[in-house]
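**Student:** Here is my input, please return the structure:
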Amino acid sequence: QVQLVESGGGLVQPGGSLRLSCRVSGFTIILYGMSWYRQAPGKERELVAVHSSITGSTNVLDSVKGRFTVSRDNAKNTVYLQMNSLKPEDTAVYYCSVERGGIRYWGQGTQVTVSS
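**Tutor:** All right, here's what the predicted structure looks like:
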């Protein structure tokens, strides 16, 4: 059974940092691109970052360039989203996701709130 479990969200002040984790079970992530999405209240879910399993590179949303990075630990079957210089507009529920066998899988999400 495929499961994605996010953790690491919370309340942080503007300018602060958080690292989100996404632990995957049910298959090994080494061959798969891993994505992070977010959804703010009243808004559509948007793609934040995609990490390639082939090149190791990450493509990110323009509004988070230079602030967010993705890494993975294949031995732990875990993907990370490092978020620096957080802004109030980064407040959202963050989800990790992977497409495998034509099915897109989602975690349950973790809340990130950026507020003073």
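**Student:** Spit out the contact partners of the residue lying closest to Ile29 once chain neighbours are set aside.
**Tutor:** Leaving aside its chain neighbours, Ile29 sits nearest to Asn77 (5.5 Å; criterion: C-beta to C-beta, 6 or more residues apart in numbering). Bear in mind the C-beta positions are built from the backbone N, C-alpha and C, glycine included. Contacts for Asn77 were tallied using C-beta atoms under 8 Å, 6 or more residues apart in numbering; they are Arg23, Val24, Ser25, Thr28, Ile29.
**Student:** Now with 10 Å, please.
**Tutor:** Asn77 makes contact with Cys22, Arg23, Val24, Ser25, Gly26, Phe27, Thr28, Ile29, Ile30, according to C-beta atoms under 10 Å, 6 or more residues apart in numbering.
**Student:** Any idea which residue is closest to the centre of this structure?
**Tutor:** Nearest to the mean C-alpha position of the chain, by C-alpha atoms, centre = their mean, lies Trp36 at 3.2 Å.
**Student:** and that one, what helix or strand is that in?
**Tutor:** Taking DSSP states H and E as the criterion, Trp36 maps to strand 34-39.
**Student:** quick one: buried residues of that strand?
**Tutor:** Buried residues in strand 34-39, counted by 16 or more other C-beta atoms under 10 Å: Met34, Ser35, Trp36, Tyr37, Arg38.
**Student:** want to try a markdown table for these, with distance to Thr69 and pLDDT as columns?
**Tutor:** Below are those laid out as a markdown table (distance: C-beta to C-beta, whole Å; pLDDT from 0 to 100):
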| residue | distance to Thr69 | pLDDT |
| --- | --- | --- |
| Met34 | 13 | 95 |
| Ser35 | 14 | 96 |
| Trp36 | 10 | 97 |
| Tyr37 | 16 | 98 |
| Arg38 | 15 | 98 |
